[in-house]
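Q: Sequence first, predicted model second:
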Amino acid sequence: HEYLGSRDRPMDDSYTCKVCDHVSLDLLKYFHHTLTSHKSFICHQCGRCFTTKSSLLRHRPIHTGLRRFACSICQKAFYRKDKCKAHIKKH
């Protein structure tokens, strides 16, 4: 594991992004920058990029064409369970 430092570091210390050399004086801002600025999870089917692995995994089912989650009221189908639940609440 690579040492990222402590939040209790003196203010003159900084955290530098290894990808773009962005400098932050606050560890939380450094983490936010690295998580949101560099999209490193790529869908190999369409090329779309995501900042997190979970976002990529949530995206993948759209390429199967299989809509596994259907509304019990109108039978409209969705790729994602959360989208289906949100739709059902609108009825």
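A: Noted; the coordinates are in hand.

Q: Give me the phi and psi angles of Phe69.
A: Torsion angles at Phe69 (phi, psi; degrees, to the nearest 10) stand at phi -110, psi 120.

Q: do the one 5 residues further on as well
A: For Cys74, the backbone dihedrals (degrees, to the nearest 10) come out as phi -120, psi 0.

Q: Skipping adjacent residues, who's closest to it in space?
A: Leaving aside its sequence neighbours, Cys74 sits nearest to His91 (C-beta to C-beta, 6 or more residues apart in numbering; 7.3 Å). Where C-beta positions appear, they are placed from N, C-alpha and C, glycine not excepted.

Q: Which helix in this structure has the most residues?
A: Criterion DSSP state H: the longest helix present in the chain is helix 27-37.

Q: Check which residues of it are buried.
A: The neighbour-count criterion (16 or more other C-beta atoms under 10 Å) identifies Leu27, Tyr30, His33, Thr34 as the buried residues of helix 27-37.

Q: Quick one: the helices in this structure, in order.
A: So, for the chain - with DSSP H - the helices run 27-37, 53-59, 81-89.

Q: who wins for proximity to Arg67 among those?
A: helix 81-89 (8.8 Å; C-beta to C-beta).
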